[in-house]
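**Student:** Just to be clear, the model below is a prediction. Sequence and coordinates:
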Amino acid sequence: MQQKVSIKDIANHVGTSITAVSFVINGKAKEKYISDKLAAKIRKAIDELGYQPNLLARSLRTGKSNIIGFLVDDISKPFFSGLARAIDEKAAVHGYKIIFSSTGNDRERTTEILNIYQERRVDAYVAALAEGLENEIGGLIGGEAPVVLFDRYLPGLDADYVLTDNFWSTAAATQHLLDNGFENIAFITIDTLQQQMLDRLRGYTEVIDRSGKKQEVLKIKYQDSEHATQLIKAFLQKNSHLDAVIFAANYLTMDGLKLSRTGDEGLLQSKGVISFDDFELLEFIRPSITAVEQPIEAIAENIIQLLLKKLAGGATAKTAKPVVINLQAKLNVRQSSKPQNAQS
């Protein structure tokens with residue numbers, strides 16, 4: 001195993017002092033009057049010898065790790081993974097790296113992850129957590145590192161949020177189906193107190209009530225995908241009068257599409273379908289499925305800009321009034337919601 005290169009090795013290689021090398025590594029060459037020629041030689045030696053800085057030691061010296069902790073319940077979900085990619089790209093432009101973690105809605109695991117983040121001295125946190133973890137998030141908000149929450153609004157927690165307007169987005173999707181001639185529209189969601197899911201349900205119910213139609217809602221106590229698929233199948237079989245379905249999340253859409261495994265895909269193919277949250281598969285299956293697309297790039301950009309502002313503001317930023325940013329989603333209209341009189 002190759003021995004790790006030290007600052008002393010670089011100093012010996014260049015023929016200078018350890019102090020000079022340290023100043024260059026920490027970006028203080030000009031401040032400490034290190035000549036451009038010597039600084040260039042040191043940087044060249046760093047590249048040639050493959051020096052890797054001790055990030056923890058640097059963070060102890062500077063008070064900054066240039067690391068952001070990213071915490072969600074399940075990073076494999078398309079929305080979270082897409083946002084993680086966008087945040088990682090945007091953070092890198094400003095010299096920050098991201099540590100990604102999934103909590104699985106487990107309080108003990110969440111505590112362990114937060115302890116690891118604190119040991120790594122992360123500079124800031126980005127989080128979207130389910131109900132039941134308010135105390136853990138509240139503890140973060142009261143700490144030294146800035147926190148920005150997204151996706152899930154937690155009433156009672158004064159924090160910075162970047163959110164999609166879930167109510168408006170679902171209301172617009174429901175109205176789109178009504179305008180295209182669908183009359184018996186169901187809404188499939190999970191049985192939860194998560195505010196974003198409640199807002200999506202409210203968007204549906206208010207539009208349906210205003211239209212004089214009947215609400216048709218399935219709330220799933222979510223256990224796993226196979227169980228959800230069976231509940232969706234039973235609901236659609238029981239309510240054969242339905243002519244359209246809105247899924248409140250894309251993993252529920254996927255659970256519905258799994259009806260094809262049991263030969264029951266006709267239960268959906270004969271209906272209008274809209275998914276909240278878009279993903280690539282929905283565009284390419286037949287019929288292609290209309291979906292509410294959350295503005296992932298805009299969410300990521302707003303999160304990073306909020307964090308940078310708070311990091312630059314120091315103590316002043318901690319006393320500032322919390323910011324809540326609501327962004328509009330986009331309805332990607334495809335074959336599954338075409339007008340009733342155009343159905344083949």
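**Tutor:** Now that the structure is in, tell me what you want to look at. Numbers count the residues shown, from 1 in each chain.
**Student:** List the contacts of the residue nearest the centre of the chain.
**Tutor:** By C-alpha atoms, centre = their mean, the chain has its centre lying nearest to F80, at 3.7 Å. F80 sits next to 72, 74, 128 when contact means C-beta atoms under 8 Å, 6 or more residues apart in numbering. For glycine as for every other residue, the C-beta is placed from the backbone atoms N, C-alpha and C.
**Student:** Apply 10 Å and report the result again.
**Tutor:** By C-beta atoms under 10 Å, 6 or more residues apart in numbering, the residues touching F80 are 70, 72-74, 100, 102, 128, 150-151, 296.
**Student:** Equivalent analysis for L201, please.
**Tutor:** 166-167, 170, 187, 189-190, 192, 215, 217, 219, 246, 248 are the contacts of L201 under C-beta under 10 Å, 6+ apart.
**Student:** now those residues in a markdown table, with neighbour count?
**Tutor:** Shown next, in a markdown table, are those (neighbours: other C-beta atoms under 10 Å):
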| residue | neighbour count |
| --- | --- |
| N166 | 26 |
| F167 | 18 |
| T170 | 28 |
| F187 | 25 |
| T189 | 23 |
| I190 | 17 |
| T192 | 17 |
| Q215 | 12 |
| V217 | 15 |
| K219 | 15 |
| I246 | 30 |
| A248 | 29 |
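**Student:** With pLDDT, distance to E301 and secondary structure as new columns, can those be given to me in JSON lines?
**Tutor:** JSON lines is the format used below for these (pLDDT from 0 to 100; distance: C-beta to C-beta, whole Å; DSSP: H, G, I helix; E, B strand; the rest coil):
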{"residue": "N166", "pLDDT": "96", "distance to E301": "19", "secondary structure": "helix"}
{"residue": "F167", "pLDDT": "97", "distance to E301": "22", "secondary structure": "helix"}
{"residue": "T170", "pLDDT": "98", "distance to E301": "24", "secondary structure": "helix"}
{"residue": "F187", "pLDDT": "98", "distance to E301": "31", "secondary structure": "strand"}
{"residue": "T189", "pLDDT": "98", "distance to E301": "29", "secondary structure": "strand"}
{"residue": "I190", "pLDDT": "96", "distance to E301": "29", "secondary structure": "strand"}
{"residue": "T192", "pLDDT": "91", "distance to E301": "28", "secondary structure": "coil"}
{"residue": "Q215", "pLDDT": "97", "distance to E301": "36", "secondary structure": "coil"}
{"residue": "V217", "pLDDT": "98", "distance to E301": "34", "secondary structure": "strand"}
{"residue": "K219", "pLDDT": "98", "distance to E301": "34", "secondary structure": "strand"}
{"residue": "I246", "pLDDT": "98", "distance to E301": "28", "secondary structure": "strand"}
{"residue": "A248", "pLDDT": "97", "distance to E301": "26", "secondary structure": "coil"}
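**Student:** Right, I'll leave it there.
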